[in-house]
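>>> sequence plus the predicted model coming up.
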Amino acid sequence: MARIDADALETFLAVHRHGGFSAAAKALHRTQPAISRRLALLEQDLGGPLFERMVRGSRLSQAGRVLLPLAEKAVAAMHDAERAVMALTREDAGPVALAVVGTLADGKLTSALRDLRVRHEDLDVSLETATSRRVSERVTSGDADIGLRYGFDPNAELDSRHLAPEPLVIICAPDHRMAGRRIEQLTELRAERWLAFPSAPDRPEASSAHIFGLFFAYGLGEVAWSAVDSLTAQKRLVEAGYGPALVPRSSVTEELARGTLAVIDVADIRPVQPVTIVTRRGGFLSRGAMRLIELLETIYGKTGPL
C-alpha cells in the first residue's frame with residue numbers, strides 16, 4: 001500500500017491551485033523539475049496520473065478529482081496538529097492566518113489588527129486578500145485560520161458567523177446628471193452602463209452575484225455593464241464618467257469627502273452586503289485566533305451564527 005507524505009500532498013495541491021507546475025514551483029520556492037519529480041513519484045505510488053497535461057497548463061484527471069478533497073482535509077489536519085502543539089507552550093504567540101476580501105481590508109480591519117497587536121504582541125498575523133469564494137477555499141484547505149468574506153457559504157465543512165451587513169451606495173461622477181440627487185426608483189437608472197466585478201457562470205462570486213440579484217429584484221433586469229475586477233479601478237472609471245457602480249460605503253469615504261465622487265440616493269432601495277466570518281468546522285483555533293474573531297465581531301457588529 002502506498003504511503004503518502006505531507007510534502008507530496010502539498011505539492012499536488014499547489015499545482016492544482018496555481019494552475020500549473022511553473023506557478024506551483026514559484027509559490028513553493030522550488031524548481032520546476034523538483035515539482036515535476038515529486039508529483040511523478042506520487043503518481044507512481046498511487047498508480048495513475050493526477051493531472052492531464054495540456055498546451056496551456058494542466059487540469060485534474062479523474063484520480064486527481066478524487067484525491068483533491070481528501071488531500072485538502074489531510075493537509076489541513078496536519079496544520080491543525082502543528083498549531084495545537086504550539087499552543088500548549090505559547091497560548092498568546094504563534095501564527096494566525098487571515099484571508100479577507102480586498103474591499104473589507106479597510107479601517108475597521110486595521111482597528112481590529114491594531115488592538116490584537118497591543119493585547120498579543122507576540123502573535124504573528126498574516127493577511128492575504130482574495131475573492132469571497134477563494135477566501136472559503138483557503139479556510140477549507142487549512143491555509144487560513146479565519147476568513148472574512150461577503151455572503152453566506154453553505155459548505156458543510158465551514159462554520160459561519162454573520163456580522164452586521166455593510167451598506168452599499170450608488171456612486172457616480174460629480175458631473176453626472178443625477179449626482180447628489182434623490183430619485184424614487186432604481187429603475188430610473190436602467191439606461192446607465194454600470195461598472196461591476198466580473199462573475200463567471202461556473203465560478204460565481206458572492207459580491208457580484210449579490211449586486212446583480214439586487215438589480216433584478218428592483219426591476220432593472222439585465223443591465224448593460226462593464227466588468228472591472230478592481231475596486232480601485234472601478235472608482236477611477238466612475239470618476240472619469242464611465243458609469244455608476246454599487247460599492248461599499250466604507251470604500252469611498254475619502255473620495256466623497258474630496259468631492260471626486262458623488263452618491264445617487266434611491267428612495268426605494270437601501271442595499272447592504274452581508275459580511276461573514278468563516279472558520280473550518282472542527283478545526284483548531286488558537287487563543288489568538290479566537291481573540292481576533294471576537295474583535296472582528298465587536299468592530300463590525302455581531303448578528304449571530306448562521
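Cool, got the structure.

>>> when you work out contacts or count neighbours from here on, use the C-alpha atoms and nothing else.
Will do.

>>> and residue 253, how many residues sit next to it?
12 (other CA atoms under 10 Å).

>>> how about the secondary structure of it?
For residue 253, the assignment made with DSSP: H, G, I helix; E, B strand; the rest coil gives helix.

>>> buried set for the longest strand along the chain?
Criterion DSSP state E: the longest strand present in the chain is strand 158-172. By 16 or more other CA atoms under 10 Å, the buried positions in strand 158-172 come out as 158-166, 168-172.

>>> what's the answer for stretch 124-137, then?
125, 129, 130, 131, 132, 133, 134, 135, 136, 137.

>>> and the two most separated of those?
Largest separation among these by CA to CA: 125 and 133, giving 21.3 Å.

>>> what's the closest non-adjacent residue to residue 186?
Among residues not flanking residue 186 along the chain, residue 266 sits closest, at 6.1 Å (CA to CA, 6 or more residues apart in numbering).

>>> and that neighbour, how many neighbours?
Count around residue 266 with other CA under 10 Å applied: 19.

>>> quick check: phi and psi at residue 156.
Main-chain dihedrals, residue 156, degrees, to the nearest 10: phi -70, psi -10.

>>> could you break the protein into its assigned domains?
Here the domain parsing of the chain from automatic domain parsing is 6-74, 89-164+274-305, 167-271.

>>> so which of the ones you listed comes closest to residue 81?
Using CA to CA, the domains of the chain put domain 89-164+274-305 closest to residue 81, at 8.0 Å.

>>> list the buried ones in stretch 233-245?
234, 235, 237, 238, 239, 242, 243, 244, 245.

>>> how about stretch 6-17?
Buried residues in stretch 6-17, counted by 16+ other CA under 10 Å: 8, 9, 10, 11, 12, 13, 14, 15, 16.

>>> the second one contacts residue 75, correct?
Yes - Residue 9 sits in contact with residue 75 when judged by CA atoms under 8 Å, with a separation of 7.1 Å.

>>> OK, contacts around residue 68?
Residues in contact with residue 68 (CA atoms under 8 Å, 6 or more residues apart in numbering) are residue 13.

>>> so what pLDDT did it get?
Model confidence at residue 68, expressed as pLDDT, equals 87.

>>> how far does the helix or strand hosting it sit from its chain's centre?
Assessed by DSSP states H and E, residue 68 sits inside helix 62-89. Distance of helix 62-89 from its chain centroid, counting by CA atoms, centre = their mean, to the nearest Å, is 20 Å.

>>> could you point out which element follows that helix?
That would be, after helix 62-89 and using DSSP H and E, strand 94-101.

>>> other residues contacting that next one?
For strand 94-101, using CA under 8 Å, 6+ apart, the contacting residues are 83, 86-87, 122-132, 135, 138-139, 143-150, 286, 288-289.

>>> adjacent strands (with direction) for it?
strand 123-130 (parallel), strand 146-150 (parallel) (DSSP bridges).

>>> related to what we said a few turns ago, can you redo the buried residues of stretch 6-17 as CSV with distance to residue 56 and secondary structure?
Formatted as CSV, those follow (distance: CA to CA, whole Å; DSSP: H, G, I helix; E, B strand; the rest coil):
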residue, distance to residue 56, secondary structure
8, 23, helix
9, 23, helix
10, 22, helix
11, 19, helix
12, 18, helix
13, 18, helix
14, 17, helix
15, 13, helix
16, 13, helix
